[in-house]
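1. This is a predicted model, with the sequence first.
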Amino acid sequence: MSSTATLPAPSPVLSFEQLIVPKHAVQQRFRTPKKNIPQTPFERTMILQTVRDYVAEHRPVPPMPMPQLKEHADILIARLRIDPVYRDYVGVLLSNEMWRESLASVPFERRLLLLPKCMRVEAKCPAPFDEFGLLCKQCGLCTIQDLTSEAERLGYAVLVAEGSAIVMSIIQTGKIDAIVGVSCLSVLEQAFPYMEAAAIPGVAIPLLQDDCIDTTVDLDWVWEYIHLTSEDKTRRLDLGALRDDVDFWFTPGSLELIMGKSEGESERIAREWLGRAGKRWRPFLTVAAYQALRSGEAAPLSDDLRKVAVAVECFHKASLIHDDIEDNDALRYGEKTLHEEHGVAVALNVGDLLIGEGFRLLAASGVSAEQRAQMLAVAAAGMRQLCRGQGAELVWARKPAPLRPNEVLDIFRKKTAPAFEVALRIGALYAGVARHEEVSDVLGKYSEALGIAYQIRDDVSDLGLGGETDDLAGMRPSLLLAIAHEKAKGAPKDLFASIWRRVWPAGVTQAQVEALYREVGALDRAEVLLGTYKEEAIRSLNELQNHNLKGLLRRTLGKIFSDVEIKGWCKEHEHLNAALDRRPAAELAPV
């Protein structure tokens, strides 16, 4: 569809949840909007996917004038049945998606990354300014350093400045063919006419706060765009649809096709447990790694690959059974744990059976003998490392005492990271031994950082009544408890020490303990650590030469950690550019 073609009429629509909520997601309704942007990561992700589907279906051609862009946005607003206050936000997404393929084809050295100076920590930032903007001193206080370093390493020109005048002057040099920009909505709107008039590919990532100082941005979104390249053949892969496919493999009928008919009550219980609720990230990572490293053109996923992915989930679900028994947990996924439902002896046997099923499926895979041998070795090493981590926790439980944060993180490293590493390595090995060897070091570093970040996120998300598991009630090692004990003084420190020793103080509620977490800064510190390990996972990909794997692992990280809270929009007005901004765009277009 050209930019002057007739717009498609709004199609009959279902409710927002009926239209775009996948079966594995927890449904969330829009709250009464206070800003002109969706308030949760889930809502933003679902809107983005709908925008991408719309662009793929109607193929609007950029550059598109603002009035027509808003018409398309209105159609999507009607299709999604969301508040019209989100029209400008939807318009930004539409413009980004129209330019996406063009951006991918522009070499890194012909791109500009434009960052706003308000992302710095203003009270502590040592960087001076010149006529072009901020001169970053690489002090490490904010994300400007990381984004600048990575973009410059790739070949980008980088400016830390704001304003449509700067954008236009850069465009007119003729040295920049595409722009990735971070800014508040008002500045994006001011810059849009100049970029539209110059027909230069540009994508925009909105800031997440409405203050003009110490602002933040969704780093996953920025990193995805700055790494976007036409060499990544997986960039069009629909990760949401892939995850739905993987989830479907664990329905009863699919499991029977993949694993064969069950024989006896133990296998029936094992299959039922395997099919219970879960995020399925590990089999998803196996398939994603294979998709990124496979040779030849994309093709439907084979039955053999399904076996391998299910094997990975067998190992994970077996570990959960044993973990629940060892921790004496009564609930998992909001239902009785297997040992609560069938008894400890049956549950132990089913866990052992699932480990055997995992090795059986790997051994039966239709790959070379060398691939099978290495996949089995990887699975065995992963199980061994996981048991070491669980063993460290069990030894602590015999004589419980306060643990330091680094000691808890080491347990996370041994208990959670191995499952992610096994998943990725098996997927890479399924694509070929040589391909696995090329990326082996990166997979190890990425998995370790991912696993630790994932467990920290679980610790934080388990707070309150809505948490899936409860480390406080279960008296398990918790990063929040370790940080709180380390930071607290006086009576709160004694209280945390008592909880570490599995002695719950009389008259103290869980809500009070969690309130103390916040009071002593444990929650803030945990969130900083979460960001640190996510960034470490990102940095581990820096030297990866395989664009397919690099792009897919970046996108996967963003999908797993869709947890950025938007707090509003930047209010800063471009006073220095006001006169220039009022001039017609045609006057500013390069000749």
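-> Looks like it arrived, so ask away. Numbering: from 1, shown residues only.

2. mean confidence for the helix or strand hosting Gln371?
-> Secondary structure from DSSP states H and E places Gln371 in helix 369-398. Averaged over helix 369-398, pLDDT sits at 93.

3. go on, stretch 410-426?
-> Taken as a whole, stretch 410-426 has a mean pLDDT of 92.

4. For that stretch, which residues meet the burial criterion?
-> Buried residues in stretch 410-426, counted by 16 or more other Cβ atoms under 10 Å: 411-426. Yep, even glycine has a C-beta here, placed from its N, CA and C like the rest.

5. Stretch 66-85 too?
-> Residues of stretch 66-85 classed as buried by neighbour count (16+ other Cβ under 10 Å): 69-70, 72-77, 79-80, 82.

6. Could you do stretch 324-333 as well?
-> Buried positions in stretch 324-333, judged by neighbour count with 16+ other Cβ under 10 Å: 324-325, 327, 329, 332.

7. now stretch 223-230
-> Judged by neighbour count using 16+ other Cβ under 10 Å, the buried positions of stretch 223-230 are 223-229.

8. So Pro206: helix, strand or coil?
-> Using DSSP: H, G, I helix; E, B strand; the rest coil, the structure places Pro206 in strand.

9. Secondary structure class of Val158, three-state.
-> Look at Val158: counting by three-state DSSP, its state is strand.

10. So the residue nearest to Tyr333 when sequence neighbours are not counted versus Gln512, what's the distance?
-> Excluding its sequence neighbours, the residue lying closest to Tyr333 (Cβ to Cβ, 6 or more residues apart in numbering) is Ala277, at 4.2 Å. Distance of Ala277 to Gln512, computed by Cβ to Cβ, to the nearest Å: 31 Å.

11. With Glu536 instead?
-> Counting by Cβ to Cβ, the gap from Glu536 to Gln512 is 34 Å.

12. Which of the two has more residues huddled nearby?
-> Taking other Cβ atoms under 10 Å, Glu536 and Gln512 do not tie; Glu536 has more neighbours (16 against 11).

13. SS state for that one?
-> Under three-state DSSP, Glu536 falls in the helix class.

14. who's in contact with the nearest residue to it once chain neighbours are set aside?
-> Spatial nearest neighbour of Glu536, excluding adjacent residues (Cβ to Cβ, 6+ apart): Ala449 at 4.0 Å. Ala449 makes contacts with 533-534, 536-537, 540, as judged by Cβ atoms under 8 Å, 6 or more residues apart in numbering.

15. what about 10 Å?
-> 413, 417, 420, 532-540, 557 (Cβ atoms under 10 Å, 6 or more residues apart in numbering).

16. host element of it?
-> helix 433-461.

17. That helix vs helix 369-398, what angle?
-> Angle, helix 433-461 to helix 369-398, by axes from the mean of the first three to the mean of the last three Cα atoms, to 10 degrees: 30 degrees.

18. measure the closest residue to Lys445 other than its chain neighbours to Glu448 for me?
-> Of all residues not flanking Lys445 in the chain, Ser540 sits nearest, at 3.9 Å (Cβ to Cβ, 6+ apart). Remark: distance between Ser540 and Glu448 (Cβ to Cβ) = 8 Å.

19. next one: Gln291
-> Gln291 sits at a distance of 22 Å from Glu448 (criterion: Cβ to Cβ).

20. What of Ser262?
-> Per Cβ to Cβ, Ser262 is found 36 Å from Glu448.

21. more neighbours, the two?
-> Taking other Cβ under 10 Å, Ser262 and Glu448 do not tie; Glu448 has more neighbours (22 against 16).

22. can you tell me which residues contact the more buried one?
-> Going by Cβ under 10 Å, 6+ apart, Glu448 touches 412-414, 416-418, 420-421, 533, 536-537, 540.

23. in the stretch 401-550 of the chain, which spans are helices?
-> For the stretch 401-550 of the chain, helices defined by DSSP state H, counting those that start in this stretch occupy the ranges 405-415, 417-431, 433-461, 471-474, 479-487, 490-500, 510-520, 522-539, 547-560.

24. and the angle for the longest one with helix 417-431?
-> Counting by the same axes, to 10 degrees, helix 433-461 lies at 150 degrees to helix 417-431.

25. in helix 433-461, what's buried?
-> Within helix 433-461, the residues that count as buried by 16+ other Cβ under 10 Å are 433, 435-436, 438-439, 442-443, 445-460.

26. Find the nearest non-adjacent residue to Trp99, please.
-> Using Cβ to Cβ, 6+ apart, the closest residue to Trp99 is Pro201 (4.4 Å).

27. does the one you found really touch Gly181, like I thought?
-> No: using Cβ atoms under 10 Å, Pro201 makes no contact with Gly181, being 11.3 Å away.

28. residue ranges with poor pLDDT in the stretch 101-250 of the chain?
-> Counting by pLDDT under 70, the stretch 101-250 of the chain has low-confidence residues at 120-124, 126-142, 162-168, 171, 185-198, 208-216.

29. Surely Gly391 touches His322?
-> No: with contact defined as Cβ under 10 Å, Gly391 does not reach His322; the gap is 11.5 Å.
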